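Participant: Show me how the following folds:
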Amino acid sequence: MAFVTGTALLAALVVGCSADSGTDGSAADSKPGEETVAAAAPGKYRTLPEPCRTVETSTLKDLLPGAAELTEEQQQKVYEGTASVTYDTDRRVGCSWKSEDPSSSHTLFIDFERVVSYDPAVSDDDRAREVYTKKETAAGLSSPSATPDAAKSAENTVDKEKGAEKGAGKDAGKKQTSAASDDASDPTSHALSGPTPEDDSTDAATDPSTGGENTDDGTGTPDESLQPRVLDDLGDSAFLDDLLTRAGSTAQHRTVKVVFRTSNVIVTVEYADQPTVSTVVPDSKELQEKAQALARKLVEKFSE
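Facilitator: A predicted model of the protein is given here:
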């Protein structure tokens, strides 16, 4: 009996020591006052579609009427489009098309920008929202949901990310990410250059005869429904801009731009018309309807 009791006592002591060791180990591993911050969710889109294949041929025929007068081989070349040169095709891509006929020339440009946040506390969607808001503000517009400091917040975020990029990665990586951040931080400049009329690079200015405003009856009375505005039924956020300029001292050039955001991707559609006769003013309503129709089709493609 004495032997059995001693063995039982020894076993109890071993179990007690083991239990104490486990408790002490757990306490040593824990760090009071520290909280683990979960990384923000990544964006919905990890890649971008091939831009020159995104617009259907039937749509291009409608948007580029001058191509109908060309030979089949020439038409094929027009509809293929010209891809924009970018640093990183996973982050930004674009394509442009152009057609001419005796009465006018039409150009189409689309741009896809996939926004990535380098701040683990900021999601890709939130970063894209900031970039989009800055573009909208630059166009002189503001969504009802946008905060007064949204544009300033976007600028601060861009500056922080630029600083982070300078101290991380290799030179090649820095070149790509820096280029993408620069594009996002400046809504007035394109890393991807959209279509520009031949004589519009230096002499373009708002047409003084109309003040750049859209009219519905030729009397000079502004049509409010055609003014630059926020769009409520396109993607997560969207706006439309409409600019009438002079190409040199003769032809009038109108560009309609539709920009929308879907999750962490920002899409830009630019559709322009320049009549050959200087007295002819491009139809704002028609250009806006066609640009918005194309933008809706692109939203559907991103939803597939």
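Participant: those strands in the chain, which residues are they?
Facilitator: In the chain, the strands defined using DSSP state E lie at 82-83, 92-100, 104-114, 229-231, 237-246, 252-262, 265-275.
Participant: give me every residue that touches Leu287.
Facilitator: By Cβ atoms under 8 Å, 6 or more residues apart in numbering, Leu287 lies in contact with 242, 254, 256, 271-273. Yep, even glycine has a C-beta here, placed from its N, CA and C like the rest.
Participant: follow-up on the earlier one: could the strands of the chain be laid out in CSV, adding mean pLDDT, mean neighbour count and distance to Ser303?
Facilitator: Shown next, in CSV, are those (pLDDT from 0 to 100; neighbours: other Cβ atoms under 10 Å; distance: least, Cβ to Cβ, whole Å):
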stretch, mean pLDDT, mean neighbour count, distance to Ser303
strand 82-83, 97, 16, 24
strand 92-100, 97, 22, 19
strand 104-114, 97, 23, 14
strand 229-231, 96, 17, 17
strand 237-246, 94, 21, 14
strand 252-262, 96, 24, 8
strand 265-275, 97, 23, 11
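Participant: Quick one: closest of those to Glu73.
Facilitator: Counting by Cβ to Cβ, Glu73 lies closest to strand 92-100 out of the strands of the chain; the figure is 14.5 Å.
Participant: Within its sheet, name the partner strands of that closest one and how each one runs.
Facilitator: strand 82-83 (antiparallel), strand 104-114 (antiparallel) (DSSP bridges).
Participant: re earlier: and the strands of the chain as a markdown table, adding distance to Lys297?
Facilitator: Output for these, formatted as a markdown table (distance: least, Cβ to Cβ, whole Å):
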| stretch | distance to Lys297 |
| --- | --- |
| strand 82-83 | 19 |
| strand 92-100 | 14 |
| strand 104-114 | 11 |
| strand 229-231 | 15 |
| strand 237-246 | 14 |
| strand 252-262 | 11 |
| strand 265-275 | 10 |
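Participant: Ok, which of the ones you listed comes nearest Thr57?
Facilitator: Closest of those to Thr57 is strand 92-100, at 10.9 Å (criterion: Cβ to Cβ).
Participant: Excluding chain neighbours, give the residue nearest to Asp90 in space.
Facilitator: Once flanking residues are discounted, Asp90 sits nearest to Thr47: 6.2 Å by Cβ to Cβ, 6 or more residues apart in numbering.
Participant: how close does the one you found sit to Glu300?
Facilitator: 18 Å (Cβ to Cβ, to the nearest Å).
Participant: higher neighbour count, the two?
Facilitator: A side-by-side neighbour count of Thr47 and Glu300, using other Cβ atoms under 10 Å, places Thr47 first with 11 against 8.
Participant: tell me the phi and psi of that one?
Facilitator: Note on Thr47: its backbone torsions stand at phi -140, psi 170 [degrees, to the nearest 10].
Participant: Read off the pLDDT value for it.
Facilitator: We have a pLDDT of 93 for Thr47.
Participant: That one touches Arg92, doesn't it?
Facilitator: No. Applying Cβ atoms under 8 Å, one finds Thr47 not in contact with Arg92, separated by 11.9 Å.
Participant: got any ranges where the chain has weak pLDDT?
Facilitator: Where the chain drops to pLDDT under 70, the residues are 1-37, 143-222, 248-249.
Participant: quick one: contacts of stretch 291-304?
Facilitator: Here stretch 291-304 makes contact (Cβ under 8 Å, 6+ apart) with 45, 49, 54-56, 59, 63, 108, 110, 231, 234-235, 238, 240, 256-258, 260, 262, 265, 267, 269-271.
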